[in-house]
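*Asks:* How does the following fold in three dimensions:
(one chain, ligands or ions: 2)
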Amino acid sequence: MKVKFQKTKGFYDVYERKPGVNKDIIHYCPGCGHGNAHKFIAETIADLGIQDRTVFVSPVGCSVFAYYYFDMGNVQAAHGRAPAVATGIKRTHPDSVVIVYQGDGDLAAIGTAEIVHAANRGENMTVIFINNAIYGMTGGQMAPTTLVGQRTTTTPYGRKPENEGFPVRVAELIDAIQAPIYIERVSLHDSKHVTKARRAVRKAITYQLEGKGFSLVEILSACPTGWGLLPVEARKWIHEAMEPNFPLGLKRDEGPNIEARELQPCNHVFEGVHGLIDLPAPEERGAATMQATMEHVEEAWRNPAIKVAGFGGQGVLLLGLGLANTGMQVGHHVSWLPSYGPEMRGGTANCGVHISTDLIGSPVVADTDILVAFNRPSLEKFEAAVRPGGVVFCDTSLVDVKPTRDDIVVVGVPATKLADELGNTKAANMVMFGAIIGRTKLFTVDEVCASLDGFIKKKKLIPVNEQAVKRGAEYVLEMS
Ligand SMILES: Cc1ncc(C[n+]2csc(CCOP(=O)(O)OP(=O)(O)O)c2C)c(N)n1
Ligand code: SF4
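*Replies:* Ligands and ions are numbered 1, 2, ... in the order given. Next up is the predicted model:
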């Protein structure tokens, strides 16, 4: 007998996310649990024949692109607000089937109020909660569900309860509320548990279809990228580290015992609402153009505002994190603000770093003292924001144009080539780190090397990163 594998009809035949890119692939990293969870939902919706009345409410997080995959109604909610958006959809369209899909940053941090009150109102909706113990999309910061001792980019020495509190157990939290009808925690650590997880998702959607009320399925799910593990190791980590902290199993199942609830459609008429939102015209902005003075430039060297920019995958964010981390180690106030597209690889990325002897008012870097450009688009985009007298470090292995301004200092460093010579192209960011400190004297080479342990996840890579920092510092000395 021939077994024929076929994609469920709950997904689109082709994914039109990026023109010209393979239309069969999704954007998740290998081993990511989001793929499994998506499949459970899509299969259930297709099998129940409810595609035309289902609305998938996606969150902000790695699953922000879910609407490229699910062939059903799709709405994108602001960070944390999916249960509130879903409430609106369900109340105005009681016959719809609403799937709320949220990560742990989305649901248990910024969206805590929304999930608690949707559960408390007993909204007839299905919440699929992906607990991967980390903020995946934004580069691996601590989430409310991060385990005690777990290293993340914002807990580089491990989460400490006395500083960051304990992991939030969402299934138990929702179980403290009276109205929900079905709450279960499942895991994706092996195929037996994957089957159980699929069953739980199906049950939660079926209860909604029967009009029974609020369900939540918490799925312990791998984030190999955020955890710095291989996919197989990540599955093991779910079992060995997460499950003891987040006990699996049914918390509540009232489905078989209760009657369907009738919901009246909401049909208020909002007459005159446009008049109420007649906002005053915005004020004229003051013409506050900053004149550079020598004092300012000196101040900038003490308290620099730094912008690092390039493509995702070039280590742009890690370099910023390294600058901030070293600043913190030597006793300064620091901030690090990453900004990038939703893809973990291949998009554009930049970050702003402040290193300051004073308190930092805002992590935003607008007027830049030091710009580090790893590609041409970054140079072209951020050059104009460099303060007169500021410095631009360019990776001349990749940037084939010169800055156009003549009131800034330009330092060309063939960082990628130098890293290649050291045997690891990926260390270009650390070569650049060395060049920055060699030129600006922001830190000593020893200070940077001593801080590497705080931001390099894979410890075996510390020696090559150390070499790279030293090579970058030497290079600018040779050139001066
Ligand atoms: C109002 C707002 N605050 C912060 C962010 C930045 N942000 C985007 S995704 C995210 C965390 C997502 O983590 P999680 O919900 O755990 O989902 P994952 O990426 O791990 O699937 C954050 C903080 C944002 N987009 N909007
Ligand atoms: S970063 Fe983590 S959650 Fe995001 S796609 Fe990759 S593995 Fe999945």
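
*Asks:* Around ligand 1, which positions in the protein sit nearby?
*Replies:* 60-63, 79, 103-106, 110, 130, 132, 134-138, 143, 223 (C-beta under 6 Å from any ligand atom). C-beta coordinates here come from the backbone N, C-alpha and C atoms, glycine included.

*Asks:* Strands - which of the residues you listed land there?
*Replies:* 103, 130 (DSSP state E).

*Asks:* how about the strands of the stretch 301-450 of the chain, start to end?
*Replies:* Taking DSSP state E, counting those that start in this stretch, the strands of the stretch 301-450 of the chain run over residues 305-311, 333-340, 348-356, 368-373, 386-395, 409-413.

*Asks:* ok and the longest one relative to strand 409-413, angle-wise?
*Replies:* Relative orientation of strand 386-395 and strand 409-413, computed by axes from the mean of the first three to the mean of the last three C-alpha atoms, to 10 degrees: 10 degrees.

*Asks:* Then the first one?
*Replies:* An angle of 40 degrees separates the directions of strand 305-311 and strand 409-413 when computed by the same axes, to 10 degrees.

*Asks:* Use 40 as the first number for this chain going forward.
*Replies:* I'll keep to 40 as the first residue from here, and by that count the last item is strand 344-350.

*Asks:* packing partners for strand 344-350?
*Replies:* helix 355-368, strand 387-395, strand 407-412, helix 415-421 (3 or more C-beta pairs under 8 Å, 6 or more residues apart in numbering; DSSP states H and E).

*Asks:* next one: the longest one
*Replies:* Contact analysis of strand 425-434 by 3+ C-beta pairs under 8 Å, 6+ apart lists helix 333-341, strand 407-412, strand 448-452, helix 467-479 as its packing neighbours.

*Asks:* coming back round to it: mean neighbour count, the helices and strands packed on strand 344-350: which tops it?
*Replies:* Compared across the helices and strands packed on strand 344-350, strand 407-412 shows the largest average neighbour count, a mean of 27 (mean count of other C-beta atoms under 10 Å).

*Asks:* Just give me the neighbour total for the closest residue to ligand 2 within the stretch 190-339 of the chain.
*Replies:* Going by C-beta to the nearest ligand atom, ligand 2 is nearest to residue 262 of the stretch 190-339 of the chain, at 3.3 Å. Applying other C-beta atoms under 10 Å, we find 30 other residues in the vicinity of residue 262.

*Asks:* Ok, residue 498 next?
*Replies:* By other C-beta under 10 Å, neighbour count at residue 498 equals 9.

*Asks:* How about the contacts made by it?
*Replies:* Residues in contact with residue 498 (C-beta atoms under 8 Å, 6 or more residues apart in numbering) are residue 492.

*Asks:* For it, give its distance to residue 504.
*Replies:* 10 Å (C-beta to C-beta, to the nearest Å).

*Asks:* In this structure residue 62 contacts residue 51, no?
*Replies:* No - Residue 62 lies out of contact with residue 51 (C-beta atoms under 8 Å); the separation is 9.0 Å.

*Asks:* In terms of residue numbering, what are the domains of the protein?
*Replies:* Per automatic domain parsing, the structural domains of the chain span 73-296, 334-518.

*Asks:* next one: the last one to chain centre, how far?
*Replies:* On the basis of C-alpha atoms, centre = their mean, to the nearest Å, the separation between the geometric centre of domain 334-518 and that of its chain is 21 Å.

*Asks:* same thing with the first one?
*Replies:* Relative to the centre of its chain, domain 73-296 is centred 16 Å away, using C-alpha atoms, centre = their mean.

*Asks:* what's the span of it, first residue to last?
*Replies:* 32 Å (C-alpha to C-alpha, to the nearest Å).

*Asks:* Same check on stretch 104-119?
*Replies:* Note: stretch 104-119 ends 15 Å apart using C-alpha to C-alpha.

*Asks:* Which residue, other than its chain neighbours, is closest to residue 126?
*Replies:* residue 162 (5.4 Å; C-beta to C-beta, 6 or more residues apart in numbering).

*Asks:* burial measure for the one you found, as a count.
*Replies:* Residues near residue 162, counting by other C-beta under 10 Å: 26.

*Asks:* just to revisit the earlier point, list buried residues within the residues of the chain next to ligand 1.
*Replies:* 99-102, 118, 142-145, 149, 169, 171, 173-177, 182, 262 (16 or more other C-beta atoms under 10 Å).

*Asks:* Show me those that map onto helices.
*Replies:* Here DSSP state H is the test, and these give 143-144 as lying in helices.

*Asks:* Flag the shaky bits of the chain, pLDDT-wise.
*Replies:* 40, 302-341, 381-386 (pLDDT under 70).
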